[in-house]
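Here you go, sequence then predicted model.
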Amino acid sequence: MSIFDKFKKNKTVVERINFNNNYMQLDGMKLEFPLSIDDVISVLGEPEVIHEEREISYIFHDVGMVFNTCDKECIYLKHRKAYIDEKHNIVNVSMYFGDKVESKWREKVLPNRVCKIDLSLNERPINIFFKHNERTGIGDFNLIYWSKQKGVYYKMGNKPNAPISISYNPPRPKSSEVRDYTIKKVNGEVLKFDNLNFKLSILQILIYDLELLKPYFDVYEFAKQYKEEKLNLDSMDPIEEVLNYFKELPIPKKLAKEITVINMDGGDEIYANIAPQWDGEDEAFDVNDISDEELKQFPNLKKAMCMTSNPSRINEILKRHNILYQD
């Protein structure tokens, strides 16, 4: 009897999960990321499948877990040289620990039961303290503990009392090219912005997601080239010199047609380069206003999910331009 046959007979009787470097272990079964849903099904049985615009969610109700794919084109994995094939596209796992099933952040579909599986990291008990919504690197993973109260530290332990999410985040391969961060004038028309944080959401797509706007910006390379003074790379606040760089960086108007969906996330690379130690706790990068003139420049933009502390205002603006707002 193969190990897969063993798990098929006990699909939802999983007692322990361990995350280590780039793989997870469900009891004795090792699953390397990016995951294939076929491998997960062989251990946990058949899930409820929810197809969304940019991803697929696989909900395993009996164990209180949800697996999510990356974007349909697997751009995220391809940029990190971690792409295997179109089937290996799962990069996120959510486990709904706690006394009852509660959402992490406004999810539309939740599992029916809480997760009661023992959890470990690198084969060790989890003796780590987390704040609400704090992102912590564990090997090739980012882990977020969705604890109840902001500003309070919790010791996670092997059975957390709130949901956690773990995202596969392999490092982007280092480039041997020497990038020039001197801002150069663009031939032709450029996009105009009234709100810097909105511009940053566009730059995330063009520089990091689609790699259409050069150079790829790396704050550590930038700091080495910056001659005026030493930059503080340990601050949780945005680095003013980096913000100024992005503020002045011209975007050719011809690239506007490439923007079809905005999907802001606190883990986006642009924010990690503006504020390397930022924990996502404040509203530093919230988009709380967008001018009509800004939006008119993006004729193919159909949907936007924005980090904002003024969702009604953003929804109102986007609706005027027939753009679907997702909170």
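All right, it came through fine. Residues are numbered from 1 along each chain as shown.

What backbone torsions are found at the spatially most central residue of the chain?
Nearest residue to the geometric centre of the chain (Cα atoms, centre = their mean): Gly267, 4.8 Å. Phi and psi for Gly267, reported as degrees, to the nearest 10, are phi -90, psi 10.

how many neighbours does Leu318 have?
20 (other Cβ atoms under 10 Å). Every C-beta, even on glycine, is put in place using the N, C-alpha and C of the backbone.

what's the helix or strand for it?
Leu318 is located in helix 311-320, with elements delineated by DSSP states H and E.

what lines up beside the helix or strand that that helix is followed by in the sheet?
Downstream of helix 311-320, the first helix or strand assigned by DSSP H and E is strand 324-326. Using DSSP bridges, the strands paired with strand 324-326 in its sheet are strand 303-305 (parallel).

In the stretch 51-200 of the chain, what residue spans correspond to helices?
Using DSSP state H, counting those that start in this stretch, the helices of the stretch 51-200 of the chain run over 75-79, 196-203.

swap in the stretch 201-327 of the chain?
219-225, 240-248, 269-274, 292-295, 311-320.

helices and strands around the biggest strand by length in the chain, which ones?
With secondary structure taken from DSSP state E, the chain has its longest strand at strand 88-95. Packing contacts for strand 88-95, counted by 3 or more Cβ pairs under 8 Å, 6 or more residues apart in numbering; DSSP states H and E, involve strand 35-36, strand 65-69, helix 75-79, strand 164-168.

how far does the third one sit from the chain's center?
In terms of Cα atoms, centre = their mean, to the nearest Å, the gap separating the centre of helix 75-79 from the centre of its chain is 13 Å.

Could you do stretch 95-102 as well?
21 Å.

And for stretch 97-115?
19 Å.

Now it: buried residues?
Buried residues in stretch 97-115, defined by neighbour count with 16 or more other Cβ atoms under 10 Å: 97-98, 101, 104, 107, 110-111, 113-115.

Excluding sequence neighbours, find me the nearest residue to Glu211.
Closest residue to Glu211 apart from its sequence neighbours, by Cβ to Cβ, 6 or more residues apart in numbering: His79 at 6.8 Å.

Any stretches of the protein with poor pLDDT?
1-13, 53, 106, 125-135, 148-159, 174-176, 279-281, 327 (pLDDT under 70).

Kindly state the domain boundaries assigned to it.
3-168, 196-326 (automatic domain parsing).

hey, which of the helices of the stretch 51-200 of the chain is tucked in deepest?
Ranked by mean neighbour count under mean count of other Cβ atoms under 10 Å, the helices of the stretch 51-200 of the chain are led by helix 196-203, which reaches a mean of 20.

mind exporting that one as CSV, just the C-alpha atoms?
Only the C-alpha atoms of helix 196-203 are listed here, as CSV (Å, rounded to 0.1, in the frame of the first residue of the first chain):
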residue,chain,number,x,y,z
LEU,A,196,1.3,59.6,-4.7
ASN,A,197,-0.1,56.4,-3.1
PHE,A,198,-2.3,55.8,-6.1
LYS,A,199,0.8,56.2,-8.3
LEU,A,200,2.6,53.6,-6.1
SER,A,201,-0.1,51.1,-6.8
ILE,A,202,0.5,51.6,-10.5
LEU,A,203,4.2,51.4,-10.2
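
So what touches it?
191, 193, 213, 243, 246-247, 249, 251, 259, 262, 264, 270-271, 274, 285-290, 294, 306 (Cβ atoms under 8 Å, 6 or more residues apart in numbering).

how near is Lys296 to Glu52?
Distance, Lys296 to Glu52, using Cβ to Cβ, to the nearest Å: 28 Å.
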